[in-house]
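Peer 1: 3D model of this:
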Amino acid sequence: MRLSPQTPLSPRPLLAVAHGTRDPDGTSATEELLARVRELRPGLEVVLAYVDVARPALPDVLATLRGDVVLVPLLLGTGFHIRVDIPEALAAAPHVRARITRALGPHPLLATALADRLTEVRAPATGPVVLASAGSSDPRSRADTAAMADLLTHRLGRPAVASYLCGGTPTPADAVAALHAEGHRRVAVSSYLMTPGFFARKAAATPGTVTSAPLGAHDAVARLVLDRYDEASAHPCHGTTR
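Peer 2: Predicted coordinates for the structure are as follows:
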């Protein structure tokens, strides 16, 4: 896909970079999220690429682009993809000048979306919540998840415990078991994941009272994507210009 020529008044295109999944429901959720972004910002050119598993792959999309873009990672923490994969792909595409935004998380808008997802599945209105993230070997990404748990605690008015489905401890199952041992009988699991897929299925298998759906195309997530885009467009020092 080749971007249309830009005029001095036209906004930089938004290049949304998602992780990717083999689950068709996950791919559909990403496409629905970007459809909502387009609805919220008519006239903004929005292009999708993936860093893993799904197509179109980021290097293939970059090969079709020219000029200035704002790259928004549809990722919840500052892990390997943001630190390594995306910069390496951009380094191989000198014809693209990209401002890279921060990861989506942590952010209060995500706490709003997570709270709504819990309401949708009629999660208990009291008692602690286990925030189930994909996890990462990168301590910065795990710190982002812990910060998101703090934001969700503030949003819900009750404790939210960070957990990691991979690459960190505690796991959601261990976090639920620890809360049960403390006497909490009703523990909800909040899926801190972008879309359905492998990790969402693992989260759903956690022995909690109920498990919420991934963030998906929630309106607050779409608004956050545009907030990140606007932040990088207005203040390039908040992103990385290459």
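Peer 1: tell me, how many neighbours does the closest residue to G208 other than its chain neighbours end up with?
Peer 2: Setting aside the residues directly before and after it, G208 is nearest to V189 in space (CB to CB, 6 or more residues apart in numbering), at 3.9 Å. (Each C-beta comes from the backbone N, C-alpha and C, glycine too.) Counted with other CB atoms under 10 Å, the neighbours of V189 add up to 27.
Peer 1: ok, now the one 5 residues further on?
Peer 2: Neighbour count of M194, defined by other CB under 10 Å: 26.
Peer 1: State whether it is indeed within a helix.
Peer 2: No - counting by DSSP: H, G, I helix; E, B strand; the rest coil, M194 is not found in a helix; it is coil.
Peer 1: Check what pLDDT C237 gets.
Peer 2: The score at C237 is 49. That number is its pLDDT.
Peer 1: Is V72 within a helix or a strand, and which one?
Peer 2: Per DSSP states H and E: V72 is located in strand 67-74.
Peer 1: what separates the helix or strand just after that strand from the chain centre, distance-wise?
Peer 2: Where DSSP H and E defines the elements, the next helix or strand beyond strand 67-74 is helix 80. Distance, stretch centre to chain centre, for helix 80: 14 Å (CA atoms, centre = their mean, to the nearest Å).
Peer 1: Let me know the average pLDDT across helix 80.
Peer 2: 85.
Peer 1: ok, now stretch 216-234?
Peer 2: Computed over stretch 216-234, the mean pLDDT rounds to 97.
Peer 1: picking up where we left off before, secondary structure element holding the residue nearest to G208?
Peer 2: Short version: V189 belongs to strand 188-192, going by DSSP H and E.
Peer 1: Contacts for that strand next, please.
Peer 2: 76, 105, 110, 114, 117-118, 123-124, 127, 129-134, 145, 148, 152, 160, 172, 176, 200, 203-204, 206, 208-215 (CB atoms under 8 Å, 6 or more residues apart in numbering).
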